[in-house]
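[1] A predicted structure for the sequence below; I have some questions about it.
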Amino acid sequence: MARLFNARLLVIATFVLILVSFFGIRSLMAEGKSEAVKTETAKRAQSWYYTGSTTNPDFNNPDNYSSEQPEGVECGGESPIICSIQDVADSNGDKPAMSHGDVTSDSSNQYAKTFRQL
C-alpha cells in the first residue's frame, strides 16, 4: 500500500513539474515577444522639423531637427527650404537617425520631405 501511494505521489509530482516548466518557458517566450514589440514600436518613423539656418542650410545634420514644429513655420509649400522629414529617432530618441542617408540626395523621397511655405 505504501509503495502504491509513493508511486502515485511520484507521478503527480512529475506531472506538476512538467506543467510548471511548460508555463514557465511559455511565460519567458511571451516576455521576449513583448520586448520585441516595444523595440519595434520605438522605431516607428515620426516627423522631424528643420530648425537650422535658412541662409546656409545643412539639411543632413541631425542637430538641425526637432520633433516640435518651430513657431511661425508652415509646411506644405514649395520653397527650397525643407520643413520636415520622416525618420526614426536615433538611439537617444531626440534626433532623427538619418537612416536613409543624405537628405538632399534623397531622390526617391524616402524621408517624405515637406517644404516650407514661401
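    Perfect, I can see it now. Numbers count the residues shown, from 1 in each chain.
[2] so what touches stretch 99-108?
    Applying C-beta atoms under 8 Å, 6 or more residues apart in numbering, the external contacts of stretch 99-108 come out as 59-60, 82, 85, 87-88, 110-111, 113. Every residue, glycine included, has its C-beta placed from N, CA and C.
[3] and with 6 Å instead?
    59-60, 87-88, 110-111 (C-beta atoms under 6 Å, 6 or more residues apart in numbering).
[4] with just CA atoms, put that stretch into CSV.
    This file holds the C-alpha atoms of stretch 99-108, laid out as CSV (Å, rounded to 0.1, in the frame of the first residue of the first chain):
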residue,chain,number,x,y,z
SER,A,99,18.6,56.3,-41.7
HIS,A,100,18.1,57.0,-45.4
GLY,A,101,21.5,58.8,-45.9
ASP,A,102,21.8,62.2,-47.4
VAL,A,103,18.6,64.2,-47.2
THR,A,104,19.3,66.4,-50.1
SER,A,105,20.2,63.5,-52.4
ASP,A,106,17.1,61.5,-51.5
SER,A,107,15.6,61.4,-55.0
SER,A,108,13.2,58.6,-54.1
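[5] how far away is the residue nearest the centre of the chain from K95?
    For the chain, the residue nearest the mean C-alpha position is K43 (1.4 Å; C-alpha atoms, centre = their mean). Distance of K43 to K95, computed by C-beta to C-beta, to the nearest Å: 14 Å.
[6] S27 now?
    Applying C-beta to C-beta, the value for S27 to K95 is 37 Å.
[7] just L118 next, same as before
    Counting by C-beta to C-beta, the gap from L118 to K95 is 27 Å.
[8] where does pLDDT dip in the protein?
    Counting by pLDDT under 70, the ranges of the chain that qualify are 1-2, 4-5, 30-42.
[9] per the record, what domains does it have?
    What automatic domain parsing lists as the domains of the chain is 1-42, 44-118.
[10] tabulate those in TSV, adding columns for mean neighbour count.
    Below are the domains of the chain laid out as TSV (neighbours: other C-beta atoms under 10 Å):
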stretch	mean neighbour count
domain 1-42	9
domain 44-118	15
